[in-house]
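# Let's see this in three dimensions:
(5 chains, ligands or ions: 4)
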Amino acid sequence: MRRWRALPGYAWVGFVVAFIYAPILVVIGASVDPGYRISTRSYLVFPPTGFSLRWYASIPSSFWQSLWFSLELAAIVAAAALLIGLPAAFGLVRGRFPGRFAVDALFRAPLQIPVIVTGVAFLQSFYFIASLGGPALQGSLAGLFLGHLFLATPYTIGSIAASLQRFNPRLEEAALTLGASRLRVMWRVTLPMVMPGIYGGLLYAFLVSFTEVTISVFLAGTSTKPFPVMIFESVTSDMEPSVPALSTIVFLGSMLLIYAMQRLVGMEALLRSGGNST
Amino acid sequence: MTARWGLFLLPPLALTLLMLGFTQFIFLKSSVFADLGLGETGTAFTLENYIEAVTDPLYLNGMKLTLELAIGVVALTLVMTYPVAYVLTRMPARTASLLLAAIVCSSFVSVAIKILGMVIIFAGDGLVSRFFRWLGVIETSMQLLGTMTGVVFGYLHLAIGFMVMMLFSVLQTIPVKLEEAAQIHGASRLRVFWRVIIPLSLPGVLNAALIQFNLLMGAFVTATILGGGKVLTFPVLIQRTLVMFNDYGLASALSAVLLVIVLIINIAATAAVTRRRVAA
Amino acid sequence: AAAQKKFDNVTVTIGIIGGPWIDRVNAELKDEMAAAGITMKFVGGTAQDFLAKLIAAHGQKFDIDVVEIDDTSYADFRRGNFLAKLNLADIPNLSDLDHSMYDDYKVAYWASEPGIVYNVDKLKAAGVAPPQHYSDLANPALAGHVMLSDINNYTGYYEILGMAYEHGGSESNPQPGFDLMSHMKLQSFGSSVATEIQLFKTGDVWAAAIPAHIGVRMFDADINVAAVHPVIDGHKGATAHGYLGITQNRDNQAAAEFFINAIIAPHLQERLYTEAATIPINNSSMAKVVNQVRVDASGTPFLQLKPEVVAQTWVPDFSKVDKRNWVRQWQRAVAAQPQ
Amino acid sequence: MSRVLLRDVSKVFAGTTAVHPTTLEVPEGHFLTLLGPSGCVKTTTLRMIAGFVEPTAGKILIDDEDVTGMPPQKRRIGMVFQDYALFPHLTIAENIGFGLRERRQPKAASRARVAELLDLIRLPDIADRFPSQVSGGQAQRVALARAIAFPPRVLLMDEPLGALDLKLRETMQFELRRIQRELGITTVFVTHDQTEAMNLSDTIAVMGGGRVLQTGTPQQIYDQPRSRFVADFIGQINFLDGNMNGSMRLQTDSASFRVPHGDATTGKATLAIRPQHVILQNGTVLPDEYDRLEGTVISQVFNGNLTHLRVDLGTTHWTVESRPGTNSVQPGQRVTIGWHPSDATVLTQ
Amino acid sequence: MSRVLLRDVSKVFAGTTAVHPTTLEVPEGHFLTLLGPSGCVKTTTLRMIAGFVEPTAGKILIDDEDVTGMPPQKRRIGMVFQDYALFPHLTIAENIGFGLRERRQPKAASRARVAELLDLIRLPDIADRFPSQVSGGQAQRVALARAIAFPPRVLLMDEPLGALDLKLRETMQFELRRIQRELGITTVFVTHDQTEAMNLSDTIAVMGGGRVLQTGTPQQIYDQPRSRFVADFIGQINFLDGNMNGSMRLQTDSASFRVPHGDATTGKATLAIRPQHVILQNGTVLPDEYDRLEGTVISQVFNGNLTHLRVDLGTTHWTVESRPGTNSVQPGQRVTIGWHPSDATVLTQ
Ligand SMILES: Nc1ncnc2c1ncn2[C@@H]1O[C@H](COP(=O)(O)OP(=O)(O)OP(=O)(O)O)[C@@H](O)[C@H]1O
Ligand SMILES: Nc1ncnc2c1ncn2[C@@H]1O[C@H](COP(=O)(O)OP(=O)(O)OP(=O)(O)O)[C@@H](O)[C@H]1O
Ligand SMILES: [Mg+2]
Ligand SMILES: [Mg+2]
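Residues are numbered from 1 along each chain as shown, chains lettered A, B, ... in the order given. Ligands and ions are numbered 1, 2, ... in the order given. This is a model prediction of the structure:
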């Protein structure tokens, strides 16, 4: 209806998307610049002076390893966040007990602690555990996992809780009258119905872990260095010239991932559960 | 039957409590002992770290700067993303999901590298400056590295993607019917926004804004890169205290101060909105 | 059958300055180390970073064997007893080094010449004469286009002390330097080569207090820059060193020493000079590279390479610097700067 | 095909009694409707039979088996929900076959049964669609098929037709009744629509204020309401308040009226009479045996095949029904109305 | 109080024509109802008047002013939505005063007006409650008050009573009509409930398949339907298919029947007659001038004050209405039914 009335809105969306994408386009452009001398490799060239895929071919293995490590880490974090988030969301939404609001607040607490505080606190706690003869968590996958999990779980809980709140309890009752046990109801009705929330929670957790720098800077080890830390160090010291190429690959990969999710549940259904259950 | 659902909470609750309580305890412990240099702390209880943290103008200014930055950026992010999220909820679903997907994808790219891209765009010889010079609007270049503007831009990039997603999930719960009801009873588009959409989305928006605020209060990566060593936010000061001073007592005290201030703001903001809602 | 390996598949974790520097070192030494049975693993970071990590570890087992050390942090490394005593006899290449380049706990493996690099064209366009002293960077005509090195970087000490000396201060009294800095309108503080070159390239920065060898890399990136070696305390130009040391309680110390020996070998030092423009630390290499000195557009060399000149350059006495106070003074000066 | 019995069942929610002790029997194969206004615990009663709400006291028996504490999935009941509660992620066929699968019926037999049910509800072609792709009326029939796929002992329906439009609702009433008769399933149906209850039920239980007020066939409920509430809820009716004084007459302030059969009670009482039994003296002459009242016409509403007149009798308003054309009156006109005493009922509650 | 005119208005959604060119007039102060089955674009038509949907072609005029491109907030229209669409974050008083505030009325005057409206809807005590704290019927009246607070030129209502239960719906119909009459607001009302339309309207526009099929008073629509669709949608009716051959008789396979007044057309036609005009020959003797048919009783449904008989006539089923008690027949019984030719209608569409 009266399309021109919606125009300012669409223009604003365009502006914001352009704002988000401008630096990404620069990075993509710079990734194909065929700079040839060592000195010219320390900064981004845009617009590119030519077209070359040489930086795609010369990505150091350490970066690949770190990217792979980050993907693994993010995947485990997402899986674990789901394992925690699912029962927590069910308990929060369906449980009726005194102090429910306190419990809800507690689950949100990790998002209220400044990330740098979290990073330092985990680092010190890990050393403390080690000093007591416990496992050496600093610099280990387990340590990073715990730090990321701490940060990611609130999102997952929020996302699943939101879709659970929208869930029509009549569906469960219908299944019960049809002879399904409580377990079967969960499996055949409830879980499929909160799937968008679950996917949303997984995506959030994955994204949080995959882009986290602040905590990782403190908890990373020599062979357990998440990808964003690698990029951060590269930018804050002497730049690895293939970083733009690698970033482009990550960007394209994320497009594939999102496309797959979109096919599975539909982005909109997924974001409807949006990690924001209030 | 409902009581049993509560039981599901126990394992996640225990885990969260452990991760939260244990780490914070270990961390805050060192803040009440004197720093002996090289990471060693004394054993006698003292408040000198806290006294320094709350009296030294360096840290006070750092806190002021950080609060201004975080609040300013959250406000700016809201201004930018709220209309976007709104337009997305009222768009044909297919287009909306495409745009949302695009926004999500952009979040996967490290902020650190995006920052370099921005530096190029806004540099003295960069695209934006050239464009403005061509328009004859601005003579001097827009400096991003080492300026507040740059840090704000960096923070925006950090916040926008998540904010759009969260606001979308809030706004899409507001029925179009209510907008139409407001419109037919004489409210212009702007008034509909002001009297219906904003009040109804307030709790959800506040929740999202607080999450972003907290995130920004604890972020030092962007300020480190884009601040060019000039923008000393509180997290940057904490990081420097740790890495350059190696003063754990003071760093813990500073962190504790940051934590308390952030928590107070969270509680106050939530209480303010909840009171309105309870009244409602 | 392969020749007898010196080590039995030992991994050495090396913490040195990150980025292409690691790539370079890795590329040059990979084969040699592999042949000796050593696998190298690298961690990027500054000397300051590694010191912080060692402190944070509170004596727990540390996962880096060889660490980067610089003049500014060496005293703390020693004070914390983080460094193992080296078996100097196992590092035969030391024979080519001047005695000032190593001791029982550290061995120099690169050197640089902190000074000033400026954009010739931009300064000419602004009608500003090339800076001769650090204090010249405070010229109001350059306001907003000057970069100093950040505090997390050894060069940060040279610029402050340089300015302090120019105004009657010294290592034990850096305050005049901080006072001057607090009045300067800086573009930013440089903390990474990546952003430094980027900002020269985009034209945002016209002059910077950074090591001269970065000027060479900028020149290679088609920026018309020149380097200045200011006179400080009667010395023309300054020298800074990067060292390697080995952390305490290693069971692979011999392999680590083997790595240190390799990296100070003449051919490697010369490669690093041609690739990254850092200054070699052994005498034979210096004799060689002095003939390959890089010059700017006006034909002036970027680096001072003649041994007799290098010997006369200024090296601050960091034992006189109160580091803890230094950081505070720095932060206050930054906070006081005009925005 | 079973018998359901609620014996002294009551339910207290958070201290307030929602369902007062209720005894209710649904004979085998019967179609019983719970009828009443919103909030009269129709749903709560149904949910107690289903097992979603546990009675505070009393017993629920199905075929003399006490099922009071039994979980819903063990009760072998079928239920149709107001919003159908079809599983949106399953196809129509999967929805219908849900209960068969949960009861571990052989696959082939299940498939055949689903096909048979799709025929029964006259929708053989929608097996592979999803619930979002069928209309409201179709969804309603699918919900029914799902509920009876694994033959239940009792079929429960909570306002299953509430969301349909009028024409469709009427069609579905016929369908429902046909299928229920064909299969002979004991059925408990909930509605607040009296017409629907009348059309469908063998027995109606009129509920109000947390209890069953009257149980009987539609005709009984209509003709012999036992309370003013029931009389008013089922169809339109006119009331005249007065006193009984032992004789067969109701005394009002101004006159007295004969009452039909029944005991000669004393005390406050109300005479009730349906609009269609009230005749307007306008052209026609009222027979002598008729009781009569005078009033003023307030309004006249044409309602398809009937005209409803509102007549102000001073102390109360009555509705008088008349075929269009037969009486032509205007609002404001004085009229006399009359009725045969045997068409009236006396209510003492 | 204004006149609304839709002139050749049509609407195409994504290539398919939803609203076929439609002309419709609502005279000043009239109560017009759009009546029709689900999906017949009642809502779309209403939304075009409101300004939420822009017509693809045609003009919409209010008081001869062309408002076709005018945004909704400028049209001075009041609207009641099906689910009321009350603002949950505002109190009842604030909801009612919404339009007044948007139109910058002085505060004191607004407050007085809100109080007046609360009196009008007979809910003076709920001013400070929130919508979640009022019942459905109350919410409905609040929505109405909000719509008329700033006196609208036209009042639009989209199935405003759909969510209420039967008794409440009837009460609200009276209320609605009372308030509309009192204020004389031009009103367009949407419903799919024919009884509601009959009770409320000055004029009914029966819609079907994206167009207005017939416009007229309730009586006209009921008595003189112009098409089989309209006849069937408004109340119950019986059909008999046949052919007209120029004479005043309808010829079926087996017999011929007289048709009332009107032209003697030719071609396929349908005789239509309401159930209440069909008399069962059972005890009573059919007058000679009656046309008659024979059939078998299929079922008998008691429906409050009437009994509906379904009679199988071989080619079709008819419904015959009778007062209970007057005729006593059993399913399966052969019966003769008859009607007076002047009660029948002939439909040629
Ligand atoms: N779980 C519960 N807790 C507390 N009160 C309840 C609960 N369930 C129902 N009630 C109360 O019981 C009353 C009757 O509810 P119920 O749903 O049985 O009525 P109903 O006759 O089905 O009404 P409707 O026609 O509106 O569906 C309600 O007023 C409600 O307050
Ligand atoms: N925005 C739209 N885009 C595409 N088609 C639409 C749109 N709005 C309505 N329609 C189509 O118009 C048809 C009629 O819709 P409308 O809501 O006007 O019917 P209605 O008579 O109000 O039905 P109901 O009684 O169910 O409310 C629908 O079948 C729908 O497919
Ligand atoms: Mg109910
Ligand atoms: Mg509609």
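# Could you pull out the helices in the stretch 1-150 of chain B for me?
Applying DSSP state H, counting those that start in this stretch to the stretch 1-150 of chain B gives helices spanning B:2-7, B:10-17, B:23-29, B:48-55, B:57-89, B:93-107, B:111-122, B:127-135, B:148-171.
# Output the ones you listed in a markdown table; the columns should cover mean neighbour count and distance to residue A:47.
Bear in mind the C-beta positions are built from the backbone N, C-alpha and C, glycine included. Listed next are those as a markdown table, based on neighbours: other Cβ atoms under 10 Å in any protein chain shown; distance: least, Cβ to Cβ, whole Å:
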| stretch | mean neighbour count | distance to residue A:47 |
| --- | --- | --- |
| helix B:2-7 | 13 | 58 |
| helix B:10-17 | 17 | 49 |
| helix B:23-29 | 19 | 47 |
| helix B:48-55 | 17 | 48 |
| helix B:57-89 | 20 | 26 |
| helix B:93-107 | 19 | 20 |
| helix B:111-122 | 26 | 10 |
| helix B:127-135 | 14 | 8 |
| helix B:148-171 | 24 | 21 |
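# Which one of these lies nearest to chain A?
helix B:148-171 (2.2 Å; Cβ to the nearest Cβ).
# Downstream of the closest one, the next helix or strand is which one?
The first helix or strand that comes after helix B:148-171 along the chain, using DSSP states H and E, is helix B:176-184.
# ok, back up a step: ligand 1 is nearest to which of the helices of the stretch 1-150 of chain B?
Taking Cβ to the nearest ligand atom, helix B:2-7 is the member of the helices of the stretch 1-150 of chain B nearest to ligand 1, at 10.1 Å.
# Pretty sure residue C:205 sits in a strand.
No: looking at residue C:205 with DSSP: H, G, I helix; E, B strand; the rest coil, it is coil, so not inside a strand.
# Could you find the closest non-adjacent residue to it?
Distances taken as Cβ to Cβ, 6 or more residues apart in numbering or on different chains put residue C:199 closest to residue C:205, at 4.2 Å, once the chain neighbours are dropped.
# would CSV of the helices of the stretch 1-150 of chain B with mean pLDDT and distance to residue D:68 be doable?
Conversion of the helices of the stretch 1-150 of chain B to CSV gives the following (pLDDT from 0 to 100; distance: least, Cβ to Cβ, whole Å):
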stretch, mean pLDDT, distance to residue D:68
helix B:2-7, 70, 20
helix B:10-17, 88, 31
helix B:23-29, 86, 51
helix B:48-55, 87, 64
helix B:57-89, 93, 48
helix B:93-107, 86, 48
helix B:111-122, 80, 62
helix B:127-135, 73, 75
helix B:148-171, 87, 43
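# Contact partners for residue D:260?
For residue D:260, the contact set (Cβ atoms under 8 Å, 6 or more residues apart in numbering or on different chains) comprises D:341-346.
# Sorry, slip of the keys, the one I care about is residue C:172.
Neighbours of residue C:172 in contact, by Cβ under 8 Å, 6+ apart: C:320-322.
# Filter the residues you listed down to just the buried residues.
With neighbours counted by 16 or more other Cβ atoms under 10 Å in any protein chain shown, the contacts of residue C:172 contain buried members at residue C:321.
# so of the contacts of residue C:172, which ones are in helices?
With DSSP state H as the criterion, helices contain none of these.
# can you put the contacts of residue C:172 in TSV and add distance to ligand 1 and pLDDT?
Shown next, in TSV, are those (distance: Cβ to the nearest ligand atom, whole Å; pLDDT from 0 to 100):
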residue	distance to ligand 1	pLDDT
C:320	79	90
C:321	74	89
C:322	72	87
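# The residue in the stretch 1-150 of chain D that chain C sits nearest to in helix, strand or coil?
Nearest to chain C, among the residues of the stretch 1-150 of chain D, is residue D:89, at 49.1 Å (Cβ to the nearest Cβ). Of the three states, residue D:89 takes coil under three-state DSSP.
# That one: how many residues sit nearby?
The number of residues packed near residue D:89 is 15, by other Cβ atoms under 10 Å in any protein chain shown.
# Just after the helix or strand hosting the residue nearest to residue C:205, pick out the following helix or strand.
Applying DSSP H and E as the criterion places residue C:199 in helix C:193-202. For helix C:193-202, the following helix or strand on the C-terminal side (DSSP H and E) is strand C:207-211.
# hmm, who's touching that next one?
Residues from elsewhere that reach strand C:207-211 (Cβ under 8 Å, 6+ apart): C:112-119, C:123, C:131, C:134, C:137, C:142, C:145-149, C:155, C:158-159, C:162, C:190, C:196, C:200, C:240.
# Return the subset of those lying in strands.
Secondary structure from DSSP state E places C:112, C:114-119, C:146-149, C:190, C:240 of these in strands.
# circling back: okay, the contacts of residue C:172 in a markdown table with distance to chain E next?
Shown next, in a markdown table, are these (distance: Cβ to the nearest Cβ, whole Å):
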| residue | distance to chain E |
| --- | --- |
| C:320 | 68 |
| C:321 | 62 |
| C:322 | 61 |
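# Residue A:151: what's it in contact with?
Contact partners of residue A:151, counting by Cβ under 8 Å, 6+ apart, are A:110-111, A:115, A:118, A:208-209, A:212, A:215.
# swap in residue A:75?
Residue A:75 neighbours (Cβ under 8 Å, 6+ apart): residue A:206.
# Now do stretch C:143-151: everything it contacts.
Under the contact criterion Cβ under 8 Å, 6+ apart, stretch C:143-151 has outside partners B:143, B:146, B:228-229, B:240, B:244, C:114, C:122, C:137-138, C:155-156, C:158-159, C:181, C:184-191, C:196, C:199, C:204-210, C:327, C:330.
# Only the buried subset of the residues you listed, as a PyMOL command please.
With 16+ other Cβ under 10 Å as the criterion, this PyMOL line picks the buried residues out of the contacts of stretch C:143-151:
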select buried, (chain B and resi 143+146+228+229+240+244) or (chain C and resi 114+122+137+138+155+156+158+159+181+184+186+187+188+189+190+191+196+199+204+205+206+207+208+209+210+327+330)
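# now the angle from the helix holding residue C:199 to strand C:207-211?
Inter-element angle recorded for helix C:193-202 and strand C:207-211: 150 degrees (by axes from the mean of the first three to the mean of the last three Cα atoms, to 10 degrees).
# Using CSV, list the CA coordinates for helix C:193-202.
Only the C-alpha atoms of helix C:193-202 are listed here, as CSV (Å, rounded to 0.1, in the frame of the first residue of the first chain):
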residue,chain,number,x,y,z
VAL,C,193,53.1,-2.1,12.3
ALA,C,194,49.9,-2.9,10.5
THR,C,195,48.1,0.3,11.5
GLU,C,196,51.2,2.4,11.3
ILE,C,197,51.8,1.7,7.7
GLN,C,198,48.0,1.8,7.0
LEU,C,199,47.8,5.3,8.5
PHE,C,200,50.9,6.6,6.5
LYS,C,201,49.4,5.1,3.4
THR,C,202,46.0,6.8,3.9
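# For that helix, name the packing helices and strands.
Judged by 3 or more Cβ pairs under 8 Å, 6 or more residues apart in numbering or on different chains; DSSP states H and E, helix C:193-202 is in contact with helix A:227-236, helix B:111-122, strand C:188-190, strand C:207-211, helix C:212-220.
# Weed out the non-buried ones from the contacts of strand C:207-211.
C:112-119, C:123, C:131, C:134, C:137, C:142, C:145-149, C:155, C:158-159, C:162, C:190, C:196, C:200, C:240.
# Can you pull out the low-pLDDT segments for chain A?
For chain A, the stretches with pLDDT under 70 are A:1-5, A:36-42, A:266-278.
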